[in-house]
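>>> Only the shape, not the letters, is given here:
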């Protein structure tokens, strides 16, 4: 989480936002943002809100932070979409070779 926290802090500072600015944009507390930037574990929902404030996808943020690679992100996205489709009642889904 240290790399991700450093990426978030760096991106926030590039935009010249304070901790409070980012927290307000995310609808969370400034102490939550501070903990994340300092490498503490956090909820996925917080990462989604931070990525949204930065106007980037969570997967892209994880890749940019060096947390994972693009292929892993695409694979996880495909699996997530498949799970969502099954929950909606779709019975059969075909994934392209790229997303397997």
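Noted; the coordinates are in hand. As the structure is a computational prediction, the values presented were derived from the model and not from experiment.
>>> Helices of this structure, residue ranges please.
With helices called from DSSP state H, the chain shows them at 2-14, 19-26, 30-37, 44-54, 58-64, 70-87.
>>> how about those in TSV, adding mean pLDDT and mean neighbour count?
The C-beta positions use only the backbone N, C-alpha and C, and glycine is treated the same way. Formatted as TSV, the helices of the chain follow (pLDDT from 0 to 100; neighbours: other CB atoms under 10 Å):
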stretch	mean pLDDT	mean neighbour count
helix 2-14	91	16
helix 19-26	96	18
helix 30-37	93	19
helix 44-54	87	17
helix 58-64	80	18
helix 70-87	62	13
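>>> Surely residue 48 and residue 56 touch.
No - counting by CB atoms under 8 Å, residue 48 does not reach residue 56; the two are 10.9 Å apart.
>>> which non-adjacent residue is nearest residue 8?
Excluding the flanking residues, the one nearest residue 8 by CB to CB, 6 or more residues apart in numbering is residue 37, at 5.5 Å.
>>> Oh, that last question was meant for residue 54, not what I typed.
In this structure, residue 54 finds its nearest non-sequential neighbour in residue 11, 5.7 Å apart by CB to CB, 6+ apart.
>>> Then residue 38?
Excluding the flanking residues, the one nearest residue 38 by CB to CB, 6+ apart is residue 5, at 5.9 Å.
>>> just residue 47 next, same as before
Spatial nearest neighbour of residue 47, chain neighbours left out: residue 58 (5.5 Å); criterion: CB to CB, 6+ apart.
>>> what separates the one you found from residue 16, distance-wise?
Computed with CB to CB, to the nearest Å, the distance linking residue 58 and residue 16 is 23 Å.
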